[in-house]
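**Student:** sequence-free structure coming up:
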């Protein structure tokens, strides 16, 4: 049976998949294969992880339990682990991560390697929690890089797109476990977003705006507040003109809310509130497509209004293919290929119906509308940006290419997607 990504829009180019049950078998596999790519949980929407030669899948390598260092406040574990698996263990030992993506189903290594982000104006993307990691390089050698010892090499390698080697183990910074409440508000007028964007985003630990761009408002606002911040946000009936929901909601209209994490201000552990979706349920809407663009935080309102104008101009041409958009803030970081490198950012995300041809027609006008704000696309999702434009958006890319040449001189971990968009071949 052909191997496909979770959304079903991509069929991988080979059925040769290594799934070792122990991590110590990874170096010999890597050394033996002339070309190889590593799979996570297959949540990418483009062929960034594809290979026509061989794939390495580490989720089966569960022989390496989570090791928590209480003194250093770190957790080390095997690279195939998902966030839902990791979070249960961490919380059971009294620890937490600073941030989580909307889907807990994704692998930690894959999320960090593509700078997948979560939300919160003071929260860096998921890769900013990486304190160290171990990779099997093309020669089969195991190399460990750490934030403490490896400086710029480490910052260049964390968001590595799988181009430097196969990540085997990761160490993340952790903090004491905490509890959260989640509130959902309905129908936030764009006029209030325009006037109060900074205040809206600063109101709680994590804030997401959802809109279908059909009317000039955010259909829903998801506000996630830490318990110790409860005096700062206590779920008032009205939020900048939006009304607090009186029932649990899914961000995509028409989908049962049972898939979503608890709302209505119900107190619960961090890992059951920071994501939007429950790990035991189908992620998001299931069969869908996604694209996402990051713009500098200072241009947030201008960018939102630019997409609003475009959506009204396109009308049904866009609306009938879009499930929902999500708008989130993410803190600045220093990771070379992070879309938030050197700039606090706002992510404008699009969840599309599985209508690939239509989405491919819609992405160019979206990117044109965002062009004045120097957008950077999420490299694991769909985009139409030409390779020279994409490479120009990442100022540290020349340094990253030299780093890849150093770690993978045989170019074992490259594929056509990386050659086209990253290496310019």
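**Tutor:** Alright, I've got the coordinates. Given the structure is predicted, the values throughout are model-derived calculations rather than measurements. Numbers count the residues shown, from 1 in each chain.
**Student:** Identify the residues contacting residue 104.
**Tutor:** For residue 104, the contact set (CB atoms under 8 Å, 6 or more residues apart in numbering) comprises 82-84, 87, 271, 275, 277-279. (C-beta placed from N, C-alpha, C; glycine too.)
**Student:** so, if you compare these, which one comes nearest to residue 417?
**Tutor:** For these, the closest approach to residue 417 (CB to CB) belongs to residue 82, at 23.4 Å.
**Student:** Am I right that that closest one is in contact with residue 111?
**Tutor:** No - counting by CB atoms under 8 Å, residue 111 is not a contact partner of residue 82; they are 9.3 Å apart.
**Student:** So between these two, which is more surrounded?
**Tutor:** Relative neighbour count places residue 111 above the other of residue 82 and residue 111, with 24 against 20, counting by other CB atoms under 10 Å.
**Student:** part of a helix, is residue 127?
**Tutor:** Yes - secondary structure of residue 127, determined by DSSP: H, G, I helix; E, B strand; the rest coil: located in a helix.
**Student:** Leaving out the residues flanking it, which one is nearest to it?
**Tutor:** Spatial nearest neighbour of residue 127, excluding adjacent residues (CB to CB, 6 or more residues apart in numbering): residue 112 at 4.1 Å.
**Student:** quick revisit: tell me the one of the contacts of residue 104 nearest residue 107?
**Tutor:** Out of the contacts of residue 104, the one with the shortest distance to residue 107 is residue 82. That distance is 5.4 Å, counting by CB to CB.
**Student:** Show me the strands in the stretch 251-400 of the chain, by range?
**Tutor:** Assigned by DSSP state E, counting those that start in this stretch, the strands in the stretch 251-400 of the chain fall at 268-269, 289-296, 322-330, 345-352, 376-377.
**Student:** Make a markdown table out of those and add mean neighbour count.
**Tutor:** Below are the strands of the stretch 251-400 of the chain laid out as a markdown table (neighbours: other CB atoms under 10 Å):
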| stretch | mean neighbour count |
| --- | --- |
| strand 268-269 | 15 |
| strand 289-296 | 24 |
| strand 322-330 | 24 |
| strand 345-352 | 24 |
| strand 376-377 | 24 |
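**Student:** what's the distance between residue 395 and residue 80?
**Tutor:** Relative to residue 80, residue 395 is positioned 32 Å away (CB to CB, to the nearest Å).
**Student:** Settle it for me: which of these two has more neighbours?
**Tutor:** Between residue 395 and residue 80, counted using other CB under 10 Å, residue 80 has the larger neighbour count: 27 against 11.
**Student:** Please name the nearest non-neighbouring residue to the more buried one.
**Tutor:** Distances taken as CB to CB, 6+ apart put residue 58 closest to residue 80, at 3.4 Å, once the chain neighbours are dropped.
**Student:** Kindly confirm whether my reading is correct that the one you found touches residue 78.
**Tutor:** Yes - checked against CB under 8 Å, the pair residue 58 and residue 78 is within contact range at 6.7 Å.
**Student:** Overlap of the contact sets of those two?
**Tutor:** Common contact partners of residue 58 and residue 78 (CB under 8 Å, 6+ apart): 23, 168.
**Student:** Strands of the stretch 1-150 of the chain, residue ranges please.
**Tutor:** Applying DSSP E, counting those that start in this stretch to the stretch 1-150 of the chain gives strands spanning 17-18, 37-39, 55-57, 67-69, 74-78, 95-96, 130-136, 142-146.
**Student:** For the ones you listed, state which one has the densest average packing.
**Tutor:** Most buried of the strands of the stretch 1-150 of the chain, by mean neighbour count (mean count of other CB atoms under 10 Å): strand 37-39, with a mean of 26.
**Student:** packing partners for that one?
**Tutor:** Contact analysis of strand 37-39 by 3 or more CB pairs under 8 Å, 6 or more residues apart in numbering; DSSP states H and E lists strand 55-57 as its packing neighbours.
**Student:** got a list of what residue 387 touches?
**Tutor:** Residues near residue 387 by CB under 8 Å, 6+ apart: 420-421, 424.
**Student:** List buried residues within these.
**Tutor:** Among the contacts of residue 387, those classed as buried by neighbour count (16 or more other CB atoms under 10 Å) are residue 421.
**Student:** Quick check: of the contacts of residue 387, which lies closest to residue 142?
**Tutor:** Among those, residue 421 lies closest to residue 142 (CB to CB), at 28.3 Å.
**Student:** Which stretches in this protein count as helices?
**Tutor:** Using DSSP state H, the helices of the chain run over 26-32, 83-92, 108-113, 147-157, 190-201, 300-314, 316-319, 356-370, 387-393, 397-407, 416-418.
**Student:** what about these, which gets the closest to residue 123?
**Tutor:** Going through the helices of the chain one by one, with CB to CB as the measure, helix 190-201 comes closest at 11.1 Å.
**Student:** How far off centre is that closest one?
**Tutor:** Averaging C-alpha positions (CA atoms, centre = their mean, to the nearest Å) puts helix 190-201 24 Å from its chain's average.
**Student:** Over to stretch 147-165?
**Tutor:** Here the centre of mass of C-alpha atoms in stretch 147-165, compared against the chain's by CA atoms, centre = their mean, lies 18 Å away.
**Student:** Please identify the most buried of the helices of the chain.
**Tutor:** Greatest average neighbour count among the helices of the chain goes to helix 108-113 (a mean of 28), per mean count of other CB under 10 Å.
**Student:** elements contacting that helix?
**Tutor:** helix 83-92, strand 166-173.
**Student:** can you redo the ones you listed as a markdown table with distance to residue 324?
**Tutor:** Below are the helices and strands packed on helix 108-113 laid out as a markdown table (distance: least, CB to CB, whole Å):
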| stretch | distance to residue 324 |
| --- | --- |
| helix 83-92 | 22 |
| strand 166-173 | 30 |
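**Student:** Out of the ones you listed, which is closest to residue 127?
**Tutor:** Among the helices and strands packed on helix 108-113, the nearest to residue 127 by CB to CB is strand 166-173 (9.7 Å).
**Student:** The closest one pairs with which strands, parallel or anti?
**Tutor:** Strand 166-173 has the following strand partners under DSSP bridges: strand 74-78 (antiparallel), strand 130-136 (antiparallel).
**Student:** would JSON lines of those with distance to residue 361 and mean pLDDT be doable?
**Tutor:** Putting the strands paired with strand 166-173 into JSON lines (distance: least, CB to CB, whole Å; pLDDT from 0 to 100) gives the following:
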{"stretch": "strand 74-78", "distance to residue 361": "41", "mean pLDDT": "96"}
{"stretch": "strand 130-136", "distance to residue 361": "37", "mean pLDDT": "98"}
